[in-house]
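Trainee: missing the sequence, but the structure's below:
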């Protein structure tokens with residue numbers, strides 16, 4: 001295997017195949033840049049360890065036979081372009097410090113990459129995912145690389161136009177039923193109460209035996225049409241088509257043939273490449289909702305894996321999801337507040353040509369939490385509630401109405417109501433009957449403090 005150059009060889013016009021340098025030394029449009037957290041023994045040189053990473057991920061197992069090794073390195077070797085210690089010791093390393101922590105930036109040349117997820121993820125976090133304390137925090141993609149991805153078909157604006165809801169947050173309800181009759185009733189009542197979306201539970205996946213896909217789509221879409229006739233409001237049903245790669249396309253076609261106006265996938269168990277193929281297929285011209293289950297396997301470790309910012313942000317958007325369910329900072333799944341805010345930024349901030357994704361922070365959302373989410377994230381969001389709607393003392397329809405009332409309050413009196421919703425309702429007790437009933441019931445009958453104030 002060819003040896004790396006000596007430190008001063010950059011002066012001999014050999015920089016092209018030198019494995020490290022400054023950020024300004026490269027044309028960033030020719031590289032995908034991985035940003036990593038890493039921790040090494042205090043006795044190790046971090047630049048050297050960065051080169052260990054790039055050897056493992058790119059040219060480390062290359063042995064020249066007929067090719068010019070310098071040309072191969074120039075075209076395909078990654079480069080360490082940033083090493084930043086945290087905290088940044090400058091004068092001396094304290095004796096008690098046995099391990100030093102770093103942020104590393106590694107530039108991977110597009111010559112050795114492909115815009116397919118398997119090779120991209122293998123390059124960014126393949127063998128080194130088993131190499132100890134190394135976590136992929138972010139990826140900076142050049143514009144010409146992003147342009148190869150179609151991203152969401154609808155995005156936030158497309159969904160607003162489709163449902164003719166120009167401004168307010170959307171409301172979605174989870175239809176978690178085990179019989180068709182239960183599901184039919186829950187769907188109808190939630191939609192009559194004002195749910196814009198009704199989604200399957202993540203466990204109601206594909207053509208499950210107790211609720212066959214064609215039966216539930218046909219039945220629920222009949223309820224959707226009935227509600228629209230009665231209220232004038234449309235509802236999108238995102239049917240969970242999660243299955244194996246070949247079966248998921250079959251499920252999608254079956255759902256569309258039965259009149260489905262939305263699809264849902266457990267996007268991480270299905271896999272990003274499959275989701276991308278599904279989203280890019282023009283015959284499935286409906287919004288696609290992605291569910292967060294399995295995400296914790298990637299992001300929960302603070303020292304390894306892939307960050308939530310990527311797995312529930314940038315990568316989900318690259319795959320083409322229109323809506324993403326992920327934990328709020330106030331959910332039943334513990335999640336640091338700034339991480340949930342960062343995921344939202346990754347879904348909505350400008351990202352090359354890709355449309356923004358509709359965020360759906362979720363996990364035990366209650367009226368008080370809904371107001372907190374509105375205060376945190378604004379109006380381009382989806383409020384998702386399952387038990388919070390179905391457990392209303394007057395039933396599912398009243399539960400959905402209660403959440404629509406919360407959204408209305410948030411549109412006009414957000415600061416006042418978010419500070420103390422119970423106090424706000426005491427001053428407006430005749431205006432929000434269903435919401436008042438819900439809060440009184442939850443407080444007295446279950447003892448659960450649902451306001452989260």
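Mentor: Happy to help now that I have it. What you see is a predicted model; the values in this text were computed from it and never measured.

Trainee: now the closest residue to residue 380 other than its chain neighbours: how far from residue 388?
Mentor: Using CB to CB, 6 or more residues apart in numbering and skipping the chain neighbours, the partner closest in space to residue 380 is residue 156 (5.2 Å). To be clear about C-beta, it is placed using only N, CA and C from the backbone, and glycine gets the same treatment. Distance, residue 156 to residue 388, using CB to CB, to the nearest Å: 23 Å.

Trainee: just to revisit the earlier point, can you pull the pLDDT of the residue nearest to residue 380?
Mentor: As predicted, residue 156 sits at a pLDDT of 97.

Trainee: which one's the longest helix in the protein?
Mentor: helix 396-419 (DSSP state H).

Trainee: after it comes which helix or strand?
Mentor: helix 421-426 (DSSP states H and E).

Trainee: on that earlier part again, give me the buried positions along the longest helix of the chain.
Mentor: 396-407, 409-410, 414, 417-418 (16 or more other CB atoms under 10 Å).

Trainee: now stretch 264-272
Mentor: 264, 265, 266, 267, 268, 270, 271, 272.

Trainee: export those residues to JSON lines and tack on secondary structure and distance to residue 145?
Mentor: Listed next are the buried residues of stretch 264-272 as JSON lines, based on DSSP: H, G, I helix; E, B strand; the rest coil; distance: CB to CB, whole Å:
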{"residue": "264", "secondary structure": "strand", "distance to residue 145": "28"}
{"residue": "265", "secondary structure": "strand", "distance to residue 145": "24"}
{"residue": "266", "secondary structure": "coil", "distance to residue 145": "27"}
{"residue": "267", "secondary structure": "helix", "distance to residue 145": "21"}
{"residue": "268", "secondary structure": "helix", "distance to residue 145": "22"}
{"residue": "270", "secondary structure": "helix", "distance to residue 145": "23"}
{"residue": "271", "secondary structure": "coil", "distance to residue 145": "20"}
{"residue": "272", "secondary structure": "helix", "distance to residue 145": "15"}
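
Trainee: got CSV for the residues you listed, with distance to residue 318 and pLDDT too?
Mentor: Shown next, in CSV, are the buried residues of stretch 264-272 (distance: CB to CB, whole Å; pLDDT from 0 to 100):
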residue, distance to residue 318, pLDDT
264, 19, 97
265, 15, 97
266, 17, 97
267, 11, 97
268, 13, 97
270, 15, 96
271, 13, 96
272, 8, 97
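
Trainee: with those residues in mind, which one is nearest to residue 121?
Mentor: Set against residue 121, the nearest of the buried residues of stretch 264-272 by CB to CB is residue 272 (7.7 Å).

Trainee: who's in contact with stretch 303-311?
Mentor: Stretch 303-311 is contacted by residues 37, 39, 125, 129, 132-139, 268, 295, 297-299, 315, 326, 335, 339, 342-343, 346 when judged by CB atoms under 8 Å, 6 or more residues apart in numbering.

Trainee: filter those residues to the buried ones?
Mentor: Judged by 16+ other CB under 10 Å, buried ones among the contacts of stretch 303-311: 37, 39, 125, 129, 133-136, 138-139, 268, 295, 298-299, 315, 326, 335, 339, 342-343, 346.

Trainee: residues touching residue 185, list them.
Mentor: residue 396 are the contacts of residue 185 under CB under 8 Å, 6+ apart.

Trainee: what do you get if the cut-off is 10 Å, keeping everything else the same?
Mentor: 175, 177, 179, 223, 395, 396 (CB atoms under 10 Å, 6 or more residues apart in numbering).

Trainee: try residue 389
Mentor: Taking CB under 10 Å, 6+ apart as the criterion, residue 389 is in contact with 171-174, 186, 189-190, 193-195, 365, 395-403, 438.

Trainee: distance of it from residue 326?
Mentor: Distance from residue 389 to residue 326, by CB to CB: 19 Å.

Trainee: what backbone torsions are found at residue 240?
Mentor: Dihedral pair for residue 240: phi -80, psi 110, per degrees, to the nearest 10.

Trainee: model confidence for it, exactly?
Mentor: Listed pLDDT for residue 240 reads 97.

Trainee: just residue 63 next, same as before
Mentor: If you check residue 63, the pLDDT there is 62.

Trainee: any idea whether the residue most central in space within the chain is helix, strand or coil?
Mentor: Computing the C-alpha centroid of the chain and ranking residues by CA atoms, centre = their mean puts residue 312 first, at 2.4 Å. Three-state assignment for residue 312 (DSSP: H, G, I helix; E, B strand; the rest coil): helix.

Trainee: now name the helix or strand holding residue 190.
Mentor: Per DSSP H and E: residue 190 is located in helix 180-193.

Trainee: that helix to helix 396-419, inter-axis angle?
Mentor: Counting by axes from the mean of the first three to the mean of the last three CA atoms, to 10 degrees, helix 180-193 lies at 50 degrees to helix 396-419.

Trainee: Three-state assignment for the spatially closest residue to the residue nearest to the centre of the chain that is not a sequence neighbour, please.
Mentor: In space, and not counting its chain neighbours, residue 312 is closest to residue 326: 4.3 Å by CB to CB, 6+ apart. Three-state call for residue 326 (three-state DSSP): strand.

Trainee: how much space separates residue 326 from residue 383?
Mentor: Look at residue 326 and residue 383: by CB to CB, they are 14 Å apart.

Trainee: quickly list what's touching both of the two.
Mentor: Counting by CB under 10 Å, 6+ apart, the residues touching both residue 326 and residue 383 are 360, 361, 362.

Trainee: just the ones of those in strands?
Mentor: 360, 361, 362 (DSSP state E).

Trainee: ok, the residue nearest to the first one when sequence neighbours are not counted - contacts?
Mentor: Leaving out its chain neighbours, the residue that sits closest to residue 360 by CB to CB, 6+ apart is residue 382, at 4.0 Å. Residue 382 sits next to 156, 159, 169-172, 196-197, 199, 289, 323-325, 358-362, 373 when contact means CB under 10 Å, 6+ apart.

Trainee: before we move on, what about residue 179?
Mentor: Residue 179 makes contact with 185, 210, 211 under the criterion CB under 10 Å, 6+ apart.

Trainee: next, work out how far apart the second one and residue 434 are.
Mentor: For residue 210, the distance to residue 434 under the criterion CB to CB works out to 31 Å.

Trainee: ok, the two, which is more surrounded?
Mentor: Neighbours per residue (other CB atoms under 10 Å) separate residue 210 from residue 434, with residue 434 holding more: 22 against 9.

Trainee: surely the more buried one meets residue 425?
Mentor: No: when contacts are counted by CB atoms under 10 Å, residue 434 is not listed as touching residue 425 (11.1 Å).

Trainee: how is this protein divided into domains?
Mentor: Here the domain parsing of the chain from automatic domain parsing is 7-146, 155-443.

Trainee: hey, least reliable of the ones you listed by pLDDT?
Mentor: Lowest mean pLDDT within the domains of the chain: domain 7-146, a mean of 84.
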